[in-house]
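Enquirer: Structure for this input, please:
(one chain, ligands or ions: 1)
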Amino acid sequence: MIELVNVSKTFSDGHRALSNINIKIDNGEFVFLVGPSGAGKSTLIKLLLKETEADQGKILINDKDVTRLKRKEIPFLRRSIGVVFQDFRLLQEKTVYENVAFAMEVIEAPAKDIRRQVPIVLSLVGLSKKSNLYPSQLSGGEQQRVSLARAMVNGPSILIADEPTGNLDPDTSWEIMKSINEINRRGTTILMATHAKEIVNAMKKRVIAIEEGTIARDDMKGGYGI
Ligand SMILES: Nc1ncnc2c1ncn2[C@@H]1O[C@H](COP(=O)(O)OP(=O)(O)OP(=O)(O)O)[C@@H](O)[C@H]1O
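Expert: Numbering: from 1, shown residues only. Predicted structure coming up:
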């Protein structure tokens, strides 16, 4: 569950990126976050991950107020949220398998759990056969699927995707959307910021539109808008 109550964010230079935002996303929902460049989508995502601080309001993730989390509690928050970005952010010197395993190693998961879990998520994204290759040996779509596997390997209840298809061609984008849809079908809540109009219009999911830091629209089975 994700809930923002009267959340505002003003940067130190005085720029007000978000104003009085109220959003409630239930477990298992699939939500697109749309809006023009600079509207505040990435800022909202950074607030959820506690990469930046709200100056007003409450942000609940699975009933815990993120704004009140102590520093030592942040790793637990990050474990409950998987994240993928437009630019994949893979470690180039590690193989596909090692990139995904690394996400478990940093939380000190037991080796036997890593050996069991990594092949499961690689199979979920259709990359079992490529586990020994390096990112430079993969297509953009395959690299994004590795990043999806890495995001999911610790079993987060929420997946946040910040323009996950931004660097991909239309066909490859749809492959990624199939993987994200499958992850949602298995119960993970999805929040995806995107400019991909055709994908938003075709998928008929909930659409929250942000404009100039405020919520302009929140439609179940919505479209991208103009
Ligand atoms: N650290 C910062 N300091 C000052 N202003 C910032 C900072 N980060 C973002 N902003 C401003 O806040 C506004 C919202 O930015 P944000 O990155 O959230 O937009 P966005 O909707 O994600 O845009 P895009 O679709 O281009 O990614 C922009 O005007 C941006 O310039």
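
Enquirer: Using CSV, list the CA coordinates for stretch 190-204.
Expert: Extracted C-alpha coordinates of stretch 190-204, given in CSV (Å, rounded to 0.1, in the frame of the first residue of the first chain):
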residue,chain,number,x,y,z
ILE,A,190,3.2,-1.4,-9.9
LEU,A,191,3.8,2.4,-10.1
MET,A,192,5.2,3.3,-13.5
ALA,A,193,6.1,6.8,-14.6
THR,A,194,6.1,7.1,-18.4
HIS,A,195,5.7,9.2,-21.5
ALA,A,196,4.7,6.2,-23.6
LYS,A,197,1.3,7.3,-24.7
GLU,A,198,0.5,4.2,-26.8
ILE,A,199,1.3,1.9,-23.9
VAL,A,200,-0.8,3.8,-21.4
ASN,A,201,-3.8,4.1,-23.8
ALA,A,202,-3.7,0.4,-24.7
MET,A,203,-3.3,-1.0,-21.2
LYS,A,204,-6.4,0.7,-19.6
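
Enquirer: which parts of that stretch are buried?
Expert: Neighbour-count burial for stretch 190-204 flags Ile190, Leu191, Met192, Ala193, Thr194, His195, Ala196, Ile199, Val200, Met203 (criterion: 16 or more other CB atoms under 10 Å). The C-beta positions use only the backbone N, C-alpha and C, and glycine is treated the same way.

Enquirer: three-state assignment of the closest residue to the last one other than its chain neighbours?
Expert: In space, not counting the residues next to it along the chain, Met203 is nearest to Met177; the distance is 7.1 Å by CB to CB, 6 or more residues apart in numbering. The local conformation at Met177, judged by DSSP: H, G, I helix; E, B strand; the rest coil, is helix.

Enquirer: and the protein, which of its residues are near the ligand?
Expert: Phe11, Asp13, His15, Ala17, Gly35, Ser37, Gly38, Ala39, Gly40, Lys41, Ser42, Thr43 (CB under 6 Å from any ligand atom).

Enquirer: show me what contacts Arg68?
Expert: Residues counted as contacts of Arg68 (CB atoms under 8 Å, 6 or more residues apart in numbering): none.

Enquirer: per-residue confidence at it?
Expert: As predicted, Arg68 sits at a pLDDT of 91.

Enquirer: outside of the helix or strand of the chain with the lowest mean pLDDT, which residues touch it?
Expert: In the chain, no helix or strand scores lower on mean pLDDT, DSSP states H and E than helix 74-80, which sits at a mean of 86. Contact with helix 74-80 is made by Leu49, Lys50, Ile61, Asn62, Lys64, Val66, Leu69, Ile107, Asn154, Pro156, Ser157, Ile158, as judged by CB under 8 Å, 6+ apart.
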